[in-house]
Every structure is written in structure tokens, then in C-alpha cells.
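In: I'd like to go over a predicted model; first the sequence, then the structure.
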Amino acid sequence: MSFPFTSPSSTFTHNPCYLFKIRVIMEPIQFISRNLALKEFELKDTPNGKHVTFSIKFVKKNGELVFIPRAVAAGLRFNMRDNSMRGILPVDADNNASGHVIPVHIDGILEWNGKKIRM
């Protein structure tokens, strides 16, 4: 007794999702230097006056991995720039604040807008 779609050739021809997975795996990983990411971070507003949004993945001091899909640059209460800290504020699709300002150490940033940080 033979089962349908058991041979590898039939899997490729009858299952388009399988081909999609192969394409996703073969995409090259994009990198960005930390210096360039920090320069992009400093751009707070567009010429139209809207906030510049970005996505970020970073590690907290306690080792927790945090991913924020949409955030804007924000100020911190005291001069943390000298301590290599930056403030981010999570926002929703309408750019309304959806949380509080989070201090992020620049050495803990792993991804910026989907690109991996390269030192």
C-alpha cells in the first residue's frame, strides 16, 4: 500500500509551502554597524514632523531578551548618554505611547530594524 505525497519529488511539486520555507532559509542575513544604528537612532523626527519609528531587540541587565516591534527614541531622566544608555518608548500603529520609557545600553542592542548589529 502506498501513501500519497511520500516521495520527496511529489512533496516539492504538490506543496508550495515547502518551497516557501526553502526561500526563507536561503535569504542572506543583513547586518548594520552599531555606529550607523546609533546615528539612525538620533533621527527623532521626519521632515513632515512625525516621529521616526524602528524595531529593536536588546538584552536587559538581568539577561532578559526583549523585542519591541515598534518604538521611538525618547529622553531619559538624567544624563545617561555618558553611560552609553539610550531611551526608547514603545508605540502602537498610530504612534501613541503603549508603555513607559525603557533605558537600553548600547552594548546590549542585538538587532535594529531587523538587521543584526555588528560591532
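Out: Perfect, I can see it now.
In: helices or strands up against the longest strand along the chain?
Out: As assigned by DSSP state E, the longest strand anywhere in the chain is strand 65-74. When contacts are defined as 3 or more CB pairs under 8 Å, 6 or more residues apart in numbering; DSSP states H and E, strand 65-74 packs onto strand 54-59, strand 85-90. Every residue, glycine included, has its C-beta placed from N, CA and C.
In: Strands along this protein, start to end?
Out: Counting by DSSP E, the segments of the chain that form strands are 31-33, 54-59, 65-74, 85-90, 102-105, 109-112, 115-118.
In: How many neighbouring residues does residue 46 have?
Out: 10 (other CB atoms under 10 Å).
In: check contacts around it.
Out: Taking CB atoms under 8 Å, 6 or more residues apart in numbering, we find residue 46 in contact with residue 52.
In: how near is it to residue 95?
Out: From residue 46 over to residue 95 the distance is 11 Å, taken as CB to CB, to the nearest Å.
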